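> need the 3D shape of this:
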Amino acid sequence: MSFNAVLAAALNRPTDPEALAALADAALQEGEEERALALLADAVAKAPTARLWQWKGLLERSLDEHEKALGSLHEAARLDPSDARVAHGLARVALESGTPAEALFERALRLAPSDGAALLGLAAARLAAGRGDQARAELDALLSQSPLWVEGHMQLAQLQSMLGHSELASSSLDRALAGLPGQGRLWQALLELHVKRDDFDALADAVERARKGGAGTAMLRQYEAIAASELGRTELADTLFAQCEAAGDKGLAIWIIRHLLRSGRPQRASTVIDRELAGPRAADVWPYAAIAWRQTGDPRWDWLYRDGTLVSVGDLTAGLPALKRLAEVLRSVHAAKGQYLDQSVRGGTQTDGPLFSRIEPEIRALRAAIVEAVQRYVVALPPPDPGHPLLRHRRDRRVRFSGSWSVRLKAQGYHVSHVHPQGWISSALYIAVPDEADQPDSNAGWLQLGEPPPGIGGGLKPLELVKPESARLVLFPSWLWHGTLPFAEGERLTV
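Residues are numbered from 1 along each chain as shown. Down below sits the predicted model:
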């Protein structure tokens, strides 16, 4: 049923809880929260129930209106204090909003002690409160009791890294496998962890360990092929990928494309790319199409890149709060000591959770300024093109953020070249930048657009270099490779 049909049913039955719940659910699925919210607000004013307050809070959360969502979910919890889902939702929104959440997660867990998502939420709340070591110890103890909890292992690995102990990332999985060597799920989790870390030497070693432990041949063949390719063992990787394809193994297209590019075969990579662009993982493939088409002189590269006209550089000074105060707020959110396992940061930290869901006035003003800038960028885009990864999308809807965070780099810090396949438009906003006088290199800390990661780009150079300046916002397509150059001294604080 279409959203308009569900909306019509709710308008005909404005006090029917089932119709309103269906409307709220459809609105969340279709991105129509604002059209449903007025009906929910009217309904809770006339006939308040915990369920309707919960739906109202979920709609507000989806709109990044977390202060309103907190009020709605507090009311839902007051009306039904025994509902574990309401309690968990309230705790989650409190965590995302940047308000104290530990006690709320503890309450949710009293109602549902085995809720894995709530257990992981409590760990995140402890980290946000500066008690990351406690969170780590609690998760580790839980995993000793429940060694098959794969999601818990992966979250503990991330937490270990964020606390500056990346060498311990696989410790709980190693311990679990020592006691349960025949558990294929645990072996796959360990292999995936090494892939997330881009540690392909460790991946190759883990494949051999898993083979001795009796893990499945098909699974190991895939990871062995990935490790061989990423380590430059071309002939072995050729053989293993051929075996995978002959066996009908799925999910390897990106790795095969990377392998063909790494081994200097962009024309063959283009054949795989063309096939995959017609499928559901096209967002993951566009960045590699950019590499292959540049290398082979394919005219589609010009169509894709548009001679740099899809990159925008502007100044947000007029719309931002005082930069000194904004920088203080952002620094206070950097609770981690180390970096994510699977992000681009090297020599710095990245905030946890959706930054633009926080309710500090400075963050709200920051978000509003970026929304306005993105709206201007979208209006100025070339005409729609149904085949183009940036120009194909609708432009008549509110700006949404698939992710938002701050990065604080210290001396010698940088971003490795990466892309954002979950996004449409990507950005970098500079809040504080290193003093130029402290940098021996005139391009220190600059943003590089268009240079692929080492090994797969065949020597392709950046298409554009952008100088970091406070309040400067850079907007560009999410498929475009981007990274930064290291800087010698100082701090580089971005959103």
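> ok, Arg394 - how many residues close by?
For Arg394, the neighbour count with other Cβ atoms under 10 Å is 8. For glycine as for every other residue, the C-beta is placed from the backbone atoms N, C-alpha and C.
> you'd agree it is in a strand?
No - the assignment for Arg394, made by DSSP: H, G, I helix; E, B strand; the rest coil, is coil rather than a strand.
> list the contacts for it?
Applying Cβ atoms under 8 Å, 6 or more residues apart in numbering, we find Arg394 in contact with no residue.
> and it, how far is that from Ala38?
Using Cβ to Cβ, to the nearest Å, Arg394 is found at 22 Å from Ala38.
> and what of Tyr305?
42 Å.
> more neighbours, those two?
The neighbour count for Tyr305 versus Ala38, taken as other Cβ under 10 Å, is higher for Tyr305 (19 against 9).
> can I assume that one is in contact with Leu463?
Yes - the criterion here is Cβ atoms under 8 Å, and Tyr305 meets it with Leu463 at 7.2 Å.
> shared neighbours, the two?
Gly450.
> would you map the helices across the stretch 351-495 of the chain?
Along the stretch 351-495 of the chain, counting by DSSP state H, counting those that start in this stretch, helices occupy 361-379.
> any regions of it where pLDDT drops low?
437-438 (pLDDT under 70).
> kindly recompute the last result at 90.
The stretch 351-495 of the chain contains residues with pLDDT under 90 at 397, 411-414, 434-445, 458, 487-490.
> look up how far Lys410 lies from the most centrally placed residue in the chain.
Nearest to the mean C-alpha position of the chain, by Cα atoms, centre = their mean, lies Gly403 at 5.7 Å. From Gly403 across to Lys410, the span is 22 Å (Cβ to Cβ).
> can you check Gln243 too?
Per Cβ to Cβ, Gln243 is found 45 Å from Lys410.
> kindly report the same for Arg392.
Distance of Arg392 to Lys410, given as Cβ to Cβ: 39 Å.
> neighbour count: those two, which is higher?
Lys410 (14 against 11).
> where do the helices of the stretch 1-150 of the chain begin and end?
Remark: helices assigned in the stretch 1-150 of the chain by DSSP H, counting those that start in this stretch are 3-12, 17-30, 33-46, 50-62, 66-79, 84-97, 102-111, 116-128, 132-145, 150-162.
> between the ones you listed, which one is closest to Met219.
helix 150-162 (14.1 Å; Cβ to Cβ).
> for that closest one, buried residues please.
By 16 or more other Cβ atoms under 10 Å, the buried positions in helix 150-162 come out as Val150, Gly152, His153, Met154, Gln155, Leu156, Ala157, Gln158, Leu159, Gln160, Ser161, Met162.
> pLDDT weak spots in the stretch 151-300 of the chain?
Residues of the stretch 151-300 of the chain that meet the cut-off, pLDDT under 90, sit at 213-219, 250.
> tell me where it has helices.
Using DSSP H, counting those that start in this stretch, helices in the stretch 151-300 of the chain cover 171-179, 184-196, 200-212, 217-230, 234-246, 253-262, 266-277, 282-296, 300-305.
> tell me what the third one is packed against?
Using 3 or more Cβ pairs under 8 Å, 6 or more residues apart in numbering; DSSP states H and E as the contact criterion, the neighbours of helix 200-212 among helices and strands are helix 184-196, helix 217-230.
> with mean neighbour count and distance to Gln29 added, can I get those in CSV?
Formatted as CSV, the helices and strands packed on helix 200-212 follow (neighbours: other Cβ atoms under 10 Å; distance: least, Cβ to Cβ, whole Å):
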stretch, mean neighbour count, distance to Gln29
helix 184-196, 20, 28
helix 217-230, 21, 33
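> got CSV for those helices, with distance to Ser146 too?
As requested, those are exported to CSV (distance: least, Cβ to Cβ, whole Å):
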stretch, distance to Ser146
helix 184-196, 12
helix 217-230, 23
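> Gly89 is nearest to which of those helices?
Nearest to Gly89, of all these, is helix 184-196, at 27.6 Å by Cβ to Cβ.
> tell me the angle that closest one makes with helix 253-262.
40 degrees (axes from the mean of the first three to the mean of the last three Cα atoms, to 10 degrees).
> show me how far helix 184-196 is from its chain's centre.
In terms of Cα atoms, centre = their mean, to the nearest Å, the centre of helix 184-196 is found 19 Å from the chain centre.
> by contact count, what packs against that helix?
Against helix 184-196 (3+ Cβ pairs under 8 Å, 6+ apart) you get helix 150-162, helix 171-179, helix 200-212, helix 217-230.
> remind me what the second one packs against, helices and strands.
Applying 3+ Cβ pairs under 8 Å, 6+ apart, we find helix 171-179 packed against helix 132-145, helix 150-162, helix 184-196.
> name the residues that touch it?
Contacts of helix 171-179 (Cβ under 8 Å, 6+ apart): 139-140, 143-144, 147-148, 152-153, 156-157, 160, 183, 186-187, 189-190, 193, 209, 213.
> ok, the first one next?
The set of residues that contact helix 150-162 without belonging to it, under Cβ under 8 Å, 6+ apart, is 116, 119-120, 123, 127, 132, 135-136, 139-140, 142-143, 146, 166, 168-173, 176, 185-186, 189, 192-193, 336-341, 349, 352.
> Pro384 is in contact with Arg392, isn't it?
Yes - the pair Pro384 / Arg392 is scored as a contact, 6.8 Å apart, by Cβ under 8 Å.
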